[in-house]
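S.K.: Would you be able to build a 3D model of this:
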Amino acid sequence: MPVTQFTDGTLLFAVHPSVPANSLQELVAYVKSNPAKLGWGTAGVGSYGHLMCEAFKLQAGVDILHVPYRGGGESLADFLAGVVQIHADPNTMPHVSAGKAKLFAVLDRNRLAEFPDVPLLKEIYPELDFLVWFAMFAPPGTPAAIVRRMSQEMNKVAREPDLKALLLKAALAPNPGTPEELDALLRKDHERYGKLVRQLNLRMD
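M.R.: Got it, this is the predicted structure:
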C-alpha cells in the first residue's frame, strides 16, 4: 500500500574524461562517427540506468554498448577506471567536482543549483523526461489510519534541514506526499515504462 514518495533522485549523464567530447551534442557526434566504441555502465538489466540508456540510444540514433553490472557500486568503479565511458547513476555526483567525470546533462525537475550551466536532458531530448523516485510502502491490508499516520510522520522528517543536506550528497532531494499522490505516480510510471519496455523489446534474459 502506498505511503509516501519521500524523495526524488537526480540522474547524472556523466562521461569519462578520456572521451573527446565536451557537451552532449559533441558526444552524439562522436558516437555516430565511432559506433559501438563506447560502453554505458548500469546497475543491471531492467534497472533505471538500463531504461535510460536504451531510450537515449533510440532518441539520439546512436550505437552504445550497454554493460550491466550487479549494482551501481560496481558500475561506478569501472566507470572511474575508464572501462565503461558513460554513467548515469546518482553516485557519480561526488566525482564530477573532483574532475573524474564530465557532467553533460541531468535528469531532474529543474537544473541543479550546483551546476546551473548543465542542461536538463529533456531540454535537448524532450522525450527523455525521466525522474527517479524513492518511496515507502506498507504491507497489503495495513489499516488506512496507520498508513495516513506513517505518511504524516515521514513528511515531518522530510522537512528537517539536516536530512536535506544528507540527501543532497547522494543526489537526492526530499519530496514527500500523500498516499494518493504516490499511487497516481506509480500507475503513471508503470504505464510509461511498460510502453518503453515493449517498444524496445527488453527482456531480463
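S.K.: So which elements touch the longest helix anywhere in the chain?
M.R.: For the chain, the helix with the greatest residue count under DSSP state H is helix 179-200. Helix 179-200 is packed against strand 2-9, helix 48-60, strand 132-137, helix 144-158, with contacts defined by 3 or more Cβ pairs under 8 Å, 6 or more residues apart in numbering; DSSP states H and E. The way it works is simple: take the backbone N, C-alpha and C, and place the C-beta from them, glycine included.
S.K.: Phi first, then psi, for residue 11.
M.R.: phi -90, psi 130 (degrees, to the nearest 10).
S.K.: What's the separation between it and residue 114?
M.R.: To residue 114, residue 11 is 15 Å away according to Cβ to Cβ, to the nearest Å.
S.K.: more neighbours, these two?
M.R.: Between residue 11 and residue 114, residue 11 has the larger neighbour count (other Cβ atoms under 10 Å), namely 23 against 13.
S.K.: which non-adjacent residue is nearest that one?
M.R.: residue 107 (3.9 Å; Cβ to Cβ, 6 or more residues apart in numbering).
S.K.: thinking again about what came up before, how about the helices and strands packed on helix 179-200, which one is nearest residue 168?
M.R.: Nearest to residue 168 among those is strand 2-9; the distance by Cβ to Cβ comes to 10.7 Å.
S.K.: ok, that closest one: who's next to it in the sheet?
M.R.: strand 132-137 (antiparallel), strand 172-174 (antiparallel) (DSSP bridges).
S.K.: Which residues in stretch 63-73 does the neighbour count mark as buried?
M.R.: Neighbour-count burial for stretch 63-73, counted by 16 or more other Cβ atoms under 10 Å, picks out 64-69, 72.
S.K.: got it, and stretch 123-130?
M.R.: Result for stretch 123-130 [16+ other Cβ under 10 Å]: buried residues 124-125, 128, 130.
S.K.: which of those has the weakest pLDDT?
M.R.: Within the buried residues of stretch 123-130, the minimum per-residue pLDDT falls on residue 130 (84).
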